[in-house]
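Chemist: Turn this into a structure:
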Amino acid sequence: MGFLKIFSGEKKEHLDKGLEKTKSSLFSKISKAVVGKSRVDDEVLDNLEEVLVTSDVGVETTLRIIDRIQQRAARDKFLGTSELNQLLKEEIAAMLQENNTEDFTGFILPEGKKPYIIMVVGVNGVGKTTTIGKLAYQFQQSGKSVLLGAADTFRAAAVDQLTIWAERVGVPILTHGMGTDPASVAYDTVNQAISNQTDVVIIDTAGRLHNKINLMNELSKIRKVIQKLVPDGPHEVLLILDASTGQNAFEQAKQFTAATEVNALALTKLDGTAKGGVVLGISDQFKVPVKYIGIGERMEDLQVFNRMEFVDSLFTDQR
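Modeler: Residues are numbered from 1 along each chain as shown. Got it, this is the predicted structure:
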C-alpha cells in the first residue's frame, strides 16, 4: 500500500524503543495464535481476535480489524500466516487513515492564534503535570515563548509540581496558590500572555472525575473567562490519558469528552507498558485525534503522534 513508507531518523528510533514492551507482548501472542498453521483461516482469525482484545485494542476496533482481514483473505484467496504482521500493518494503517482525523507534523502553531491557549484536563496520576512540562519544553525548543497557568488549585502538590517543571524548563508560571479560584488563575494567565505577547499558554486544571457535574461546571467557567479575553479560546482542550491503564483509558476518554469539548488527546507512559494497543483503539473510536504520545522520561520523549509511524513501529518485528 502506497501510504506505508519507510520511516527513519532519531525520532523513529525512540518510538521503536518506546514500544518495545507492547511489541514483545504482541508478537509473542501472534506467534502462539498461528502456531501449526500455514494459512490465515477462521481459527487463526478467532485467535487473532483474542490477541487484539487482550492487547487492549478494544472490542469495536478489533472487530473492524478482523473484518478487514477477512475481506482481504476472501479477495486474495490465500494468505499465509507468515504474511500476517505485514497484513495487520497495512489494514490497521488503512483503517486509521480512513478516520479523517489529521496527522500532526510537529510542535507548530496555527497562524493568527497568539496566544495559542491549551487547556489541559485529565485525572490525577496520568502524567498531566509531566506532559505539560514536556510540552512547554518542546514549544520552547521550537522557538516559541510559553507561559504556564497553575489552575489545578485543588491540590497543593499540583501547584508545586508545575512550578518545579516551569523552573526546570525555564518558562514563567502564574500561580495563586492552593484553594484559589481556578478560573481567576486562567484569566490572569491569559491576560499576562496577551500583555507580554506570549506565543503559547498552557493551563493546568483539576484532575477530578468523581463528580462530573462539578468538573463540567469548573471547566465551563474556565472556558468562559478565557473567552472574555480571547473569544475563540481555548484553542486546544488536551485530555491526558495513561496508556498503562488500558481499558480504563477508554472510560476516562468517554467521560471527559462527555463533560467538556476535548479536541486533542495525549497518551502517556507507553514505554512502561505492554498495553500500547490502546492507542490504536482510542485513535480509531474517538472523534478526537491523538496528538501526543509519551514514550520515555526525557523531555524529547513526548512525541507528536503519527498514525502511520506508530503502526509501522508496532508491527515491524525487529528481534
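Chemist: what stretches of the stretch 151-300 of the chain score poorly on pLDDT?
Modeler: Within the stretch 151-300 of the chain, the stretches with pLDDT under 70 are 209-212.
Chemist: Secondary structure element for Lys114, which one?
Modeler: Element membership for Lys114 (DSSP states H and E) is empty, with no helix or strand holding it.
Chemist: same deal with the one 4 residues further on?
Modeler: Assigned by DSSP H and E, Ile118 belongs to strand 116-121.
Chemist: Against which helices or strands is that strand packed?
Modeler: With contacts taken as 3 or more C-beta pairs under 8 Å, 6 or more residues apart in numbering; DSSP states H and E, strand 116-121 sits against helix 128-141, helix 182-196, strand 200-204, helix 212-229, strand 236-242. (Glycine included, C-beta is placed from N, CA and C.)
Chemist: And those: which comes nearest Glu43?
Modeler: Across these, Glu43 has its closest neighbour in strand 236-242 (34.2 Å, C-beta to C-beta).
Chemist: Quick one: list the elements packing against the helix or strand following that closest one.
Modeler: Scanning forward in sequence from strand 236-242 by DSSP H and E, the next helix or strand is helix 247-259. Other elements packing on helix 247-259 under the criterion 3+ C-beta pairs under 8 Å, 6+ apart are helix 212-229, strand 236-242, helix 278-285.
Chemist: In three-state terms, label Gly112 for me.
Modeler: Recorded secondary structure, Gly112: coil (DSSP: H, G, I helix; E, B strand; the rest coil).
Chemist: can I assume Leu148 is in contact with Glu167?
Modeler: No: the criterion here is C-beta atoms under 8 Å, and Leu148 misses it with Glu167 at 10.6 Å.
Chemist: related to what we said a few turns ago, Glu20: which of the helices and strands packed on helix 247-259 is closest?
Modeler: For Glu20, the closest of the helices and strands packed on helix 247-259 is helix 278-285, at 14.6 Å, according to C-beta to C-beta.
Chemist: Other residues contacting that closest one?
Modeler: Among residues not part of helix 278-285, those counted as contacts by C-beta atoms under 8 Å, 6 or more residues apart in numbering are 56-58, 60-62, 64, 92, 95-96, 99, 101, 241, 243, 246-247, 249-250, 253, 265, 267, 270, 289-290, 293, 305, 307, 310-311, 314.
Chemist: Just the buried subset of those residues, written out for ChimeraX, thanks.
Modeler: Those of the contacts of helix 278-285 that count as buried under 16 or more other C-beta atoms under 10 Å are selected in ChimeraX with:
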select :56,57,58,61,62,64,92,95,96,101,241,243,246,249,250,253,265,267,270,289,290,293,305,307,310,311,314
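Chemist: Among the contacts of helix 278-285, which ones are in helices?
Modeler: Taking DSSP state H, the ones among these that sit in helices are 60-62, 64, 92, 95-96, 247, 249-250, 253, 307, 310-311, 314.
Chemist: ranking the helices and strands packed on strand 116-121 by burial, who's on top?
Modeler: Among these, strand 200-204 has the highest mean neighbour count (mean count of other C-beta atoms under 10 Å), at a mean of 28.
Chemist: Give me the angle between it and helix 182-196.
Modeler: Counting by axes from the mean of the first three to the mean of the last three C-alpha atoms, to 10 degrees, strand 200-204 points 170 degrees away from the direction of helix 182-196.
Chemist: partners of strand 200-204, with directions?
Modeler: strand 116-121 (parallel), strand 146-150 (parallel) (DSSP bridges).
Chemist: I'd like those written out as TSV, with distance to Leu88 and mean pLDDT added.
Modeler: What follows is the strands paired with strand 200-204, written out as TSV (distance: least, C-beta to C-beta, whole Å; pLDDT from 0 to 100):
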stretch	distance to Leu88	mean pLDDT
strand 116-121	33	96
strand 146-150	39	98
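Chemist: Tell me the pLDDT of Val311.
Modeler: In this model, Val311 is scored at 86, pLDDT.
Chemist: From Ile240, how far off is the spatially closest residue to it that is not a sequence neighbour?
Modeler: Closest residue to Val311 apart from its sequence neighbours, by C-beta to C-beta, 6 or more residues apart in numbering: Ala93 at 4.5 Å. Separation of Ala93 from Ile240 (C-beta to C-beta, to the nearest Å) stands at 25 Å.
Chemist: Pro289 too?
Modeler: Taken as C-beta to C-beta, the span from Pro289 to Ile240 is 14 Å.
Chemist: What of Met95?
Modeler: Look at Met95 and Ile240: by C-beta to C-beta, they are 25 Å apart.
Chemist: Just give me the neighbour total for the nearest residue in space to Met178 that is not next to it in sequence.
Modeler: Spatial nearest neighbour of Met178, chain neighbours left out: Ala156 (4.1 Å); criterion: C-beta to C-beta, 6+ apart. Using other C-beta atoms under 10 Å, Ala156 has 12 neighbouring residues.
Chemist: how much space between Ala156 and Lys224?
Modeler: Ala156 sits 26 Å away from Lys224, going by C-beta to C-beta.
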